[in-house]
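Student: for reference, the sequence and a predicted model appear below.
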Number of protein chains: 4
Amino acid sequence: MADDFDLDADRLREECGVFGIFGHVDAAAITALGLHALQHRGQEAAGIVSFDGTRFHSERRLGLVGDHFSKQSTMEGLMGRSAIGHVRYSTTGETILRNVQPLFAELDTGGFAVAHNGNLTNGLTLRRGLVRQGAMCQSTSDTEVVLHLTARSRRPRFIERFTEALNELEGAYAFVGLTNHELVGARDPLGIRPLVLGELDGCYILTSETCALDIIGARFVRDIENGEVVVINSRGLQSIKPSTPREARPCIFEYVYFARPDSIVHGRSVYGVRKNMGAELARESPADADLVVPVPDSGVPAALGFAQESGLPFEFGIIRNHYVGRTFIQPTQSVREVGVRMKHNANRGIVEGKRIVLIDDSIVRGTTSVKIVQMMRDAGASEVHFRISSPPITHPDYYGIDTPDRDKLLAARLNLEEMCAYIGADSLAFLSVDGIYRSMGYAKRDPLRPQFTDHCFTGEYPTRLTDVDGVPDMRQLGLLAEAG
Amino acid sequence: MADDFDLDADRLREECGVFGIFGHVDAAAITALGLHALQHRGQEAAGIVSFDGTRFHSERRLGLVGDHFSKQSTMEGLMGRSAIGHVRYSTTGETILRNVQPLFAELDTGGFAVAHNGNLTNGLTLRRGLVRQGAMCQSTSDTEVVLHLTARSRRPRFIERFTEALNELEGAYAFVGLTNHELVGARDPLGIRPLVLGELDGCYILTSETCALDIIGARFVRDIENGEVVVINSRGLQSIKPSTPREARPCIFEYVYFARPDSIVHGRSVYGVRKNMGAELARESPADADLVVPVPDSGVPAALGFAQESGLPFEFGIIRNHYVGRTFIQPTQSVREVGVRMKHNANRGIVEGKRIVLIDDSIVRGTTSVKIVQMMRDAGASEVHFRISSPPITHPDYYGIDTPDRDKLLAARLNLEEMCAYIGADSLAFLSVDGIYRSMGYAKRDPLRPQFTDHCFTGEYPTRLTDVDGVPDMRQLGLLAEAG
Amino acid sequence: MADDFDLDADRLREECGVFGIFGHVDAAAITALGLHALQHRGQEAAGIVSFDGTRFHSERRLGLVGDHFSKQSTMEGLMGRSAIGHVRYSTTGETILRNVQPLFAELDTGGFAVAHNGNLTNGLTLRRGLVRQGAMCQSTSDTEVVLHLTARSRRPRFIERFTEALNELEGAYAFVGLTNHELVGARDPLGIRPLVLGELDGCYILTSETCALDIIGARFVRDIENGEVVVINSRGLQSIKPSTPREARPCIFEYVYFARPDSIVHGRSVYGVRKNMGAELARESPADADLVVPVPDSGVPAALGFAQESGLPFEFGIIRNHYVGRTFIQPTQSVREVGVRMKHNANRGIVEGKRIVLIDDSIVRGTTSVKIVQMMRDAGASEVHFRISSPPITHPDYYGIDTPDRDKLLAARLNLEEMCAYIGADSLAFLSVDGIYRSMGYAKRDPLRPQFTDHCFTGEYPTRLTDVDGVPDMRQLGLLAEAG
Amino acid sequence: MADDFDLDADRLREECGVFGIFGHVDAAAITALGLHALQHRGQEAAGIVSFDGTRFHSERRLGLVGDHFSKQSTMEGLMGRSAIGHVRYSTTGETILRNVQPLFAELDTGGFAVAHNGNLTNGLTLRRGLVRQGAMCQSTSDTEVVLHLTARSRRPRFIERFTEALNELEGAYAFVGLTNHELVGARDPLGIRPLVLGELDGCYILTSETCALDIIGARFVRDIENGEVVVINSRGLQSIKPSTPREARPCIFEYVYFARPDSIVHGRSVYGVRKNMGAELARESPADADLVVPVPDSGVPAALGFAQESGLPFEFGIIRNHYVGRTFIQPTQSVREVGVRMKHNANRGIVEGKRIVLIDDSIVRGTTSVKIVQMMRDAGASEVHFRISSPPITHPDYYGIDTPDRDKLLAARLNLEEMCAYIGADSLAFLSVDGIYRSMGYAKRDPLRPQFTDHCFTGEYPTRLTDVDGVPDMRQLGLLAEAG
């Protein structure tokens, strides 16, 4: 297989996006569109569960939303006026259908389907306890743990069972759930993962990002608050706060990389924040150069901000081929060391003979940074000054972002000078931690009560890490490897 | 869709066939071949689970064994030296992947995969109890109930948990199960559903019929006894009888229709028994005719027996097209009332001008009997004497055979004369109940301790029917309708 | 892949079956049903072309008729009141879509679709001439040659062009063709390949066998005569004899193996002829034995005839598994030398300790005969007397039957005694050449004017073999190997 | 189906891209990569033909290159050291496999595979003549005409036949062809469609754009000249000019829309030319505004040029969702009139309250321009000044670009003021014809000998339009409608 020169190969991955709507005649079709708008949050699999007043209907598929949920035959099966859906990126190599959400269980109180974005830091510990009590686990996902806990609660009403289950969880989560009577949403006590409330044709919507409201022309109502549980039924919306109130601490990476630039997250334009990061970076670490060139597509807004602040011209020095998907067969003979330029190509006419500032949003392992700097030099750039619009990533995530082990993180292995040498740039600079907080509108990071979940940059984890600190090999459900 | 003149449309259906092998280097490949030999027991779906010493691997597919388990890519995933498999016919219209076996669960004692042939008569009652206790049911099959009961047992060792679970079951079952350490088999206390023990290359095999041993050249060792549980591991085979010993009472329908003619069931050649039934029928109800014509393929052995006993020539008066599968688009214009002859055609050259004895193995609804008698008359038969090589089916089954409701059974609705008139035959006769017992080598049916499970002919059910007698609508898992 | 013990592996193969109907509202649906009834003549690919008064519509697929032509979506595209269809068995390893028929070309006179059963003995010679004249050949089939010849004719009317093309052909053919105005049929001057005329709802049908009429309840009208061309249009049927009249000499192998037993070929019941062959064989070569066992399914009618003539009981000593299709992965470890019994199994209960007469319709290479005799011995048969209900095959066919090269034919390599030793039977006998003619109702073969095309048994080819006798490697279109 | 708000719905479409390589050990794999880089020139189907010294191998598929030609199984079949390939966009609704290129024919001189970008203006006329002479046409493509003409030439050598055929053609073409001995390339006398020569590992490459060289790190050698035929074989490259020399007149639309921005076309950077067009437009038609917003992705370079020239900030006011493919089921209830925002969304945070200059590369029907202006207004833009970086399209193309009929072209129906009102912009301006020539480096268009093929803007067609001016309904091959 080709050593594809894929600039996206060194990104962090988000695991999921969720969507739910209650009481709309086109519930499943709208959910499919919402999931399509959230496709950047997970390209591996998608699923929708609908409820028609009597029965639940489920379709779960590997692949893109548009590959399956655009088909008449698939959508016709998803009858009913309420639906929830999920898109997923897998953290492991195992892409298996039984892990595709929403999951469903029949409780004594009726059916319960649930979709989840986030990661529990005590999920394996909870599952081990459940298995010891005779629970049968079918998937390897945290989501199933919540179903079991809800199923096993002895409280009489569904919502009491569900909140009882939530109180056992640690970590980051944004749930949307569907029962015979209601659509429910829940966000973890720190609000690490996002969840917003929208409205269309008088019906409530819960989803991960505002871009999933825009696609269908729905109105943004408000963010679901940290620690809030909302219950939406035919009588309207009820808000519950089952846990002790805490201050919100949303994940800063939504702004850096995950959220779509046209989304509004906690009142801030993602595109605007990214431009701020670029402008801040230009102030912190200017470069004597001719052009500002973004690494497409993620570096584009920051590069615009950098260019506007620095007064240097912004140019597309790297062109992206949008028709990419599969990995091609690699020619056996020498097709240059730099790899096959499947996804990106230098725009030689612009770059040749120029001193460029190359802007990217982050460096994870650094492997593609090496290649892109080399590609710029091959295209004739006389100097390459690499600027990163977020701080160095030094610690892994445990809240639903797929990060490599710490010893794979470039910034955890090397100091700035070493990194610059490794990458082969003429100069290298990252945005500072306080700089990123300034881009968000704060004077600086509050060290006592940080405004964001930022452990990837700082090592300060906002919750306990029960599974990580506990016994190691608890992933026993890896026992069953299933393709079908 | 074409009103296909399908002589097989009025057969009873068996739900399942099972296969398991322990310790063989080609475990999955051999299981695939065994399932192929059992394909007549279920054409809807098939599955195999293997264990490689560390992990379980599962492939479950809708369709025939040969459609999927002949592929290199599918088989390569099924690593390991132990495997179990299952073929399935669905009793309901819902053919859904989550009901395809083997099912798998992770217990506190390790992984447990199980495949089941049979039907529990208290399965819904047990499931309701489990759901009340917080169990999450994912499928609508009885098999999952056994997994849950085993998972919830508080006994320390797996085999104790499994037998504790078995002791709660009523009905008919033949299980093969696979754990991290052993292959297990279990047959219900009356031995209603079959299970045999074989051996290949020094490795034990458990399967539903001997024809699954023959396909791979394996040796038949013995039948698993009624009420017996066998545990096969690296130390050999251990036999357990966890319940009070009772006399065996196997299902007589294995001889009448289900088992393959080349199988040996409880020491009797199925082909030989069917010929006996035909010979006994010739003695009980002879006919003054020119030819004996079987309804293919199920009536063939009995017709041979009838012909040999009566001295009438045996002739294929009906020819079967072996290339059948799908239902074709029906021409809208008149293509004769009798329907499109997709699967069978009269052999006019043989039948024309002749008095024929038409032999079939059973009548369920009678709908195809009408058509076949008419087809013989259209082909010029001067007289059609219909003879059935088993007694009238007057009662439905609850042990894993798909029977229509009682009011759909022809022999439950009409007397012999009315049936003959309905079918349009010149004469009609069934084998007597004592006649079928004579075919099996007994003088007659023992009314106090019947030698076989024969409720379809007699109305005497050998076990309690807890679900049937209990509250009706307990199929709550119908809540989730899933295609994928 | 498994060394599948496939008794059908050593059969001759027919290349094709054809069907056409004119003026029927359900033309394509009826053609699909007709092709399904002809599936035994070709399982590799199928195609239908229809004409809706303005445009032709074509669907051609690899696989069985029922796999594709049962789908609503496929059939909806085949609009119109006239249609022709084709089923195909490939003689070569190359199964490629561009060789699937019917083929279509646009002539100056309008569209022309054609389907062909047979083989030209000067096809390669004609094609070479066409290519030299600048014709572009897209397929490797003889059928395209006929299209080119028709296209290049300078005669004004289509039917004149078509008959002019026919006059250049040597060999065996049965064509059905469809133009903007008519359905045409043509049979070679000796009538080697079959073609019959039927009628349904007042519409004419042309097809290879009467079983394709029976499936839809159509009436058999008559055989198309040798050398006859029929033109069916809105004014009725017109018969043309473009070549010098000769005596018919149909292929005797239609009776031995190809035709379905329920078909009537030239006024003879195929089933009846096969029984005659068995009876004649019993007279010519009786055996001192206990049972007559057919090799299923092709040996069944002859075995019945043998049994009835000899007075020995007829028994199914070999059971066929009807669920076969793909080749399974072969277990690597010893699963007996005899091979995996995928398709057939000995019926040990019947065979054990018995002297059997084993009846098959022919021996080609003899490879499976060895295995089946061994299977009978493994099942305990004390003696195996092998009887073949046709003469030894000593010469290859060039008229549309797939025969191996002469040096692969067992009867061309060995004498009777050697064959018996090779196969491992206790005795071996074939039906004599005169015996097969007696089975057909003649006193004997007329050596001067043989009643049938029988070169496989006699070496007397009824036409010139221009390609065979000419320059060897003329298959230049093998130049393009295409999967898609 | 959803009224997808697809900004790409109103683009012109290019029909094809071609690629060929001679003598490389990885010929097919390299061709697949080259076609992938040309995917923007045709997304409907792709094909590769290779030659292994003895046989040609062909794979042709509907869909993207990466969907099929990344598979090991597909690529393994494409053996040999020479290969040509083709990507295609269909001008008609009929997407059918037999029209997918490369096409192949066996000539008297050997095999000949050919792939074509362009359109003949006398293709139908030539085909009619061929059919009259008995040629069998299998496809509806012009390419087949060239095969027939080459096949029918009476000249002795292949290259003489091919150039004889070329001399009968009118219109625009860029061919790459493969024979048993050589790779050939040909460009029409005016050089309307592009073709370049490259080199990799000492092997020649012919392809439509330089970006297909870059992807594999191949070296650009030169443009193939207008009217040039090149023959590449083991002895090297030979150049032929079979027709009277004329001045080149390449299609200007390659610069406006078709070519990838990183390609170099006739010595000019496409990205650079597009920026020039934007800058020229800013000079010709400035706007009093706050922001320059490109219509993504095609308006981006021109918008950058406009912004740099005007000094206004460049901002992504419209965000593109890269995960698009299928058309989703449309919600039946009101999801706003503006349509579902599947592919694009307004970046409200940037646009709100601003006066924007919206830059697009062209207007065809104008349908999406209406929507995008409305989307900007919905997002709060206070003024929308629409600027188009090419002249008004007033005439259809007949050289391989899919243009609507003239009465569908907005600029052919309305004057500038009417267009502005129709689109709903505050102001509207197009680049002038002389302005676009200035962007190309000329002082102005030379009215006597125009430097480019520019009939879409000027109505001056560079060749005869034989088919258009001739008899209408000549598309007789539409007679056969085939899905497979």
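Tutor: Looks like it arrived, so ask away.

Student: residues near the closest residue to chain D within the stretch 101-250 of chain A, how many?
Tutor: For the stretch 101-250 of chain A, the residue closest to chain D is A:Gly217, as judged by C-beta to the nearest C-beta, at 3.5 Å. In short, each C-beta sits where N, CA and C put it, glycine included. Per other C-beta atoms under 10 Å in any protein chain shown, the neighbour tally for A:Gly217 reads 17.

Student: pretty sure it sits against D:Arg341.
Tutor: Yes: A:Gly217 is within contact range of D:Arg341, at 7.4 Å (criterion: C-beta atoms under 8 Å).

Student: wait, a helix at A:Gly66?
Tutor: Yes: counting by DSSP: H, G, I helix; E, B strand; the rest coil, A:Gly66 falls inside a helix.

Student: doesn't D:Ile329 make contact with it?
Tutor: No: A:Gly66 is beyond contact range of D:Ile329, at 11.2 Å (criterion: C-beta under 8 Å).

Student: quick one: contacts for the one residue in the stretch 151-300 of chain A that gets nearest to chain B?
Tutor: Residue of the stretch 151-300 of chain A nearest chain B, by C-beta to the nearest C-beta: A:Arg152 (3.5 Å). Residues in contact with A:Arg152 (C-beta atoms under 8 Å, 6 or more residues apart in numbering or on different chains) are A:Leu130, A:Gln133, A:Ala135, B:Gly134.

Student: and those residues, which are buried?
Tutor: Among those, those classed as buried by 16 or more other C-beta atoms under 10 Å in any protein chain shown are A:Leu130, A:Ala135, B:Gly134.

Student: which residues of the stretch 51-200 of chain A score low on pLDDT?
Tutor: Where the stretch 51-200 of chain A drops to pLDDT under 70, the residues are A:90-98, A:140.

Student: let's see that with 90 instead.
Tutor: A:60-64, A:66-68, A:70-74, A:76-77, A:88-100, A:104-110, A:124, A:127-128, A:131-143 (pLDDT under 90).

Student: ok, which stretches of it are helices?
Tutor: For the stretch 51-200 of chain A, the helices defined by DSSP state H, counting those that start in this stretch cover A:65-68, A:72-76, A:123-132, A:142-152, A:158-166.

Student: same for the last one, what does it pack against?
Tutor: If I follow you right, that is helix A:158-166. Counting contacts by 3 or more C-beta pairs under 8 Å, 6 or more residues apart in numbering or on different chains; DSSP states H and E, helix A:158-166 packs against helix A:142-152, strand A:183-187, strand A:229-233.

Student: just name the most buried of those.
Tutor: Each of those was scored by mean neighbour count; the highest is strand A:183-187, a mean of 27, by mean count of other C-beta atoms under 10 Å in any protein chain shown.

Student: domain ranges for chain A, per the record?
Tutor: Per the record, chain A has its domains at A:14-249, A:269-320+A:340-452, by automatic domain parsing.

Student: per-residue confidence averaged over the shortest one?
Tutor: The pLDDT scores in domain A:269-320+A:340-452 average 95.

Student: what helices or strands is the biggest helix by length in chain A leaning on?
Tutor: Scanning chain A for the helix with the most residues, using DSSP state H, yields helix A:270-284. Counting by 3+ C-beta pairs under 8 Å, 6+ apart, the packing neighbours recorded for helix A:270-284 are helix A:300-310, helix A:433-439, helix D:348-351.

Student: for D:Leu213, find the nearest of these.
Tutor: helix A:300-310 (26.3 Å; C-beta to C-beta).

Student: now the closest one, how far from the centre of its chain.
Tutor: Distance of helix A:300-310 from the chain centroid (C-alpha atoms, centre = their mean, to the nearest Å) equals 24 Å.

Student: quick check, that helix touching chain D?
Tutor: Yes: counting by C-beta under 8 Å from any C-beta of the partner chain, chain D is contacted by helix A:300-310 at A:Val300, A:Pro301, A:Leu304, A:Gln308.

Student: what's downstream of that helix, the next helix or strand?
Tutor: strand A:318-320 (DSSP states H and E).

Student: tell me which other helices or strands that next one touches.
Tutor: Counting contacts by 3+ C-beta pairs under 8 Å, 6+ apart, strand A:318-320 is packed against strand A:344-346, helix A:367-378.

Student: got the buried residues for that strand?
Tutor: By neighbour count on 16+ other C-beta under 10 Å, the buried set for strand A:318-320 is A:Ile318, A:Ile319, A:Arg320.

Student: with stretch A:372-390 instead?
Tutor: So for stretch A:372-390, counting by 16+ other C-beta under 10 Å, buried means A:372-377, A:379, A:381, A:383-390.

Student: from the contacts of A:Arg152, pick the one nearest A:Glu170.
Tutor: Nearest to A:Glu170 among the contacts of A:Arg152, counting by C-beta to C-beta, is A:Leu130 at 15.2 Å.

Student: spatially nearest residue to that closest one, not counting backbone neighbours?
Tutor: Of all residues not flanking A:Leu130 in the chain, A:His148 sits nearest, at 5.0 Å (C-beta to C-beta, 6 or more residues apart in numbering or on different chains).

Student: quick one: contacts for the one you found?
Tutor: By C-beta under 8 Å, 6+ apart, the residues touching A:His148 are A:Ala105, A:Leu130, A:Ala135, A:Cys137, B:Gly134, B:Met136.
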